[in-house]
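1. I need the structure of the sequence given here:
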Amino acid sequence: MPLADVSSILHKSDPAPVKIVNAESRSPILLVCEHAGQAVPQSLKRLGLPQHVVDSHRGWDIGALAVANDVAARLGAPLVIQAYSRLVIDSNRPPDSASAVPPDVDGVTIPGNLGITPTEQRQRAREIFDPLDAAITELMAELKPRGCFSIHSFTPVMGGEARPWHAGFLSRHDLDTAQALMESVAAQRPDLTLAINQPYQIDDETDWFIPRHAEPSGAAHTLIEIRNDLIAPPGGAAEWAKLIAVAISEVLPETDT
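-> Now for the predicted structure:
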């Protein structure tokens, strides 16, 4: 199914890869949501998948966009959004890595990713990954933010293993910020089970925004993971957006809530 020898995988009717919310904001906070969307270019024929797979946690971070939009509104902060499914190319992975175009995810084979050539993978990166990366690079250089935060969600069960956390705060070189965010959320909601570096850890092989943008900038940063069953409903997303916005404002005073 992978395409070869074509000039573009995106057609005019396909959505633009990147959207920037509050693009004119001069806020000291930059927000990113790399797994916000679930679009698949028409030319890739839904990667050979039924729609319910693309709609599942395999295809995108359920609820993350709703939380990110609400946090951006509360803080008046710019937010960079990826429109395309992580199954086309994962915008939070090194674009030439095997994990960027996965052949299978949580027990489901992705037919449209089987046998993809390096040239085809680079084409997906050029049209979908690179515009997001360029937008982040430009905003980081222009705003020189004091803090940058990536908003994600995770499934309650992965590979048959239950994940008991309600949210995780991921970092490797700025654990102080991750800890402070977690403590603020815990103070607001003492009933929650929260953790540092769960259910994932940041590393160069499986992450992009934190190693390539946040860490070199010197800005306070954390990748925030929220369990998707808590934020799939609109009310849950709004509740978590308030928790996160308050936490960011406490970690970086003089930001709006």
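2. helices along the stretch 151-257 of the chain, start to end?
-> Using DSSP state H, counting those that start in this stretch, the helices found in the stretch 151-257 of the chain span residues 175-188, 215-217, 228-231, 234-251.
3. an error on my part: the question was meant for the stretch 1-150 of the chain.
-> 51-55, 64-75, 118-124, 130-143.
4. deepest of the ones you listed, which one?
-> For the helices of the stretch 1-150 of the chain, average neighbour numbers computed from mean count of other Cβ atoms under 10 Å are highest in helix 64-75, which has a mean of 24. C-betas here are computed from N, CA, C, even on glycine.
5. that helix - what's its average pLDDT?
-> For helix 64-75, mean pLDDT is 98.
6. let's see that helix as CSV, backbone CA atoms only.
-> In CSV, the C-alpha atoms belonging to helix 64-75 read as follows (Å, rounded to 0.1, in the frame of the first residue of the first chain):
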residue,chain,number,x,y,z
ALA,A,64,-5.7,15.9,24.2
LEU,A,65,-6.7,18.6,21.7
ALA,A,66,-9.8,19.6,23.8
VAL,A,67,-7.5,20.0,26.8
ALA,A,68,-4.8,21.9,24.9
ASN,A,69,-7.3,24.3,23.3
ASP,A,70,-8.8,25.1,26.7
VAL,A,71,-5.4,25.6,28.4
ALA,A,72,-4.4,27.9,25.5
ALA,A,73,-7.6,29.9,26.0
ARG,A,74,-7.1,30.2,29.7
LEU,A,75,-3.5,31.2,29.4
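7. for it, packing partners?
-> The contact analysis (3 or more Cβ pairs under 8 Å, 6 or more residues apart in numbering; DSSP states H and E) places helix 64-75 against strand 29-33, strand 79-82, strand 147-154, helix 228-231, helix 234-251.
8. among the ones you listed, which is the most enclosed?
-> Across those, the average number of neighbours (mean count of other Cβ under 10 Å) peaks for strand 29-33, which reaches a mean of 29.
9. pLDDT below threshold where in the stretch 151-257 of the chain?
-> Under the criterion pLDDT under 70, the flagged ranges of the stretch 151-257 of the chain are 254-257.
10. try 80
-> Within the stretch 151-257 of the chain, the segments meeting pLDDT under 80 span 253-257.
11. circling back to that earlier point, so for Arg58, which of the helices of the stretch 151-257 of the chain sits nearest?
-> The closest of the helices of the stretch 151-257 of the chain to Arg58 is helix 228-231. By Cβ to Cβ, the value is 11.6 Å.
12. pull the distance from the closest one to the chain's centre.
-> 15 Å (Cα atoms, centre = their mean, to the nearest Å).
13. contacts for that helix, please.
-> If you take Cβ atoms under 8 Å, 6 or more residues apart in numbering as the criterion, helix 228-231 is touched by 57, 61-64, 66-67, 153-156, 166, 236-237, 240.
14. same thing but at 10 Å, please
-> 56-57, 60-67, 70, 151-157, 166-167, 192, 236-241 (Cβ atoms under 10 Å, 6 or more residues apart in numbering).
15. wait, doesn't Ala186 sit right on Ile196?
-> No: counting by Cβ atoms under 10 Å, Ala186 sits too far from Ile196 to count as a contact (11.5 Å).
16. okay, the residue lying closest to Pro145 once chain neighbours are set aside and Ala100: tell me how far apart.
-> If the residues on either side of it in the chain are set aside, Pro145 comes closest to Leu30, at 4.3 Å by Cβ to Cβ, 6 or more residues apart in numbering. With distances taken as Cβ to Cβ, to the nearest Å, Leu30 is found 23 Å from Ala100.
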